[in-house]
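Visitor: sharing a model that was predicted from the sequence below.
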Amino acid sequence: MTQSIDEPLVRAHILVFGHVQGVGFRAFATRTATRLKLVGGVRNLDDGRVELDVEGKRTMIEILVCELKTGPPTSRVTKIETEWHAAIGQHSYFSIWH
C-alpha cells in the first residue's frame, strides 16, 4: 500500500466487538494509534464493545483497523465496524477516554 505525502486527513468511528474489555485493549489501541501518528481516543462501552474515534491519514487508520482485528493476546475480536467521515481536527493526541 503506497502512501501519498499529501494524503488528506480523515476521521473514522470504529466499533470493536468480541472479548475486548478487561484484556488491555484500550492500552493496545492507544499504543498502536500513537505509533501510527493518529489522534483521537478510545473507550469501553457499557454493552461490552470498544469505541474509537480517530483522525489521521486513511492508510494509517486502515493499518490500525487491521491491527485491532488481532488485538492484545487475551482479546478475541469478532467484528469491527468502521464509519468514515471528514476530519474535524478536534484532537491533538490519542488517549483513553473513561
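Guide: Done, it's in.
Visitor: can you tell me the centre-most residue of the protein?
Guide: Centroid check for the chain by Cα atoms, centre = their mean gives Leu52 as the closest residue, at 4.9 Å.
Visitor: spatially nearest residue to that residue, not counting backbone neighbours?
Guide: Excluding the flanking residues, the one nearest Leu52 by Cβ to Cβ, 6 or more residues apart in numbering is Ile14, at 4.2 Å. Quick note: C-beta positions are derived from backbone N, CA and C, even for glycine.
Visitor: partner strands of the one helix or strand the one you found maps to, parallel or antiparallel?
Guide: Ile14 belongs to strand 9-19 when assigned by DSSP states H and E. Sheet pairing here is set by DSSP bridges, and for strand 9-19 it gives strand 50-57 (antiparallel), strand 76-86 (antiparallel).
Visitor: list the buried residues of whatever helix or strand comes next after the first one.
Guide: Put plainly, it is strand 50-57. Heading C-terminal from strand 50-57, the first helix or strand you meet, by DSSP H and E, is helix 58-70. Buried positions in helix 58-70, judged by neighbour count with 16 or more other Cβ atoms under 10 Å: Arg58, Met60, Ile61, Ile63, Leu64, Val65, Glu67, Leu68.
Visitor: for the residue nearest to the centre of the chain, what are its contacts?
Guide: The contact partners of Leu52, by Cβ atoms under 8 Å, 6 or more residues apart in numbering, come to Ala12, His13, Ile14, Leu15, Val16, Ala29, Ala33, Gly40, Gly41, Val42, Leu68.
Visitor: show me which pair in those residues is furthest apart.
Guide: Pairwise distances among the contacts of Leu52 were taken by Cβ to Cβ; the largest, 15.3 Å, belongs to Leu15 and Ala33.
Visitor: identify the residues contacting the strand holding Ile14?
Guide: 25, 40, 45, 48-58, 61, 64-65, 68, 71, 74-89.
Visitor: repeat that for 7 Å
Guide: Strand 9-19 is touched from outside by 49-58, 61, 65, 68, 75-88, with contacts defined as Cβ atoms under 7 Å, 6 or more residues apart in numbering.
Visitor: done for today, thanks.
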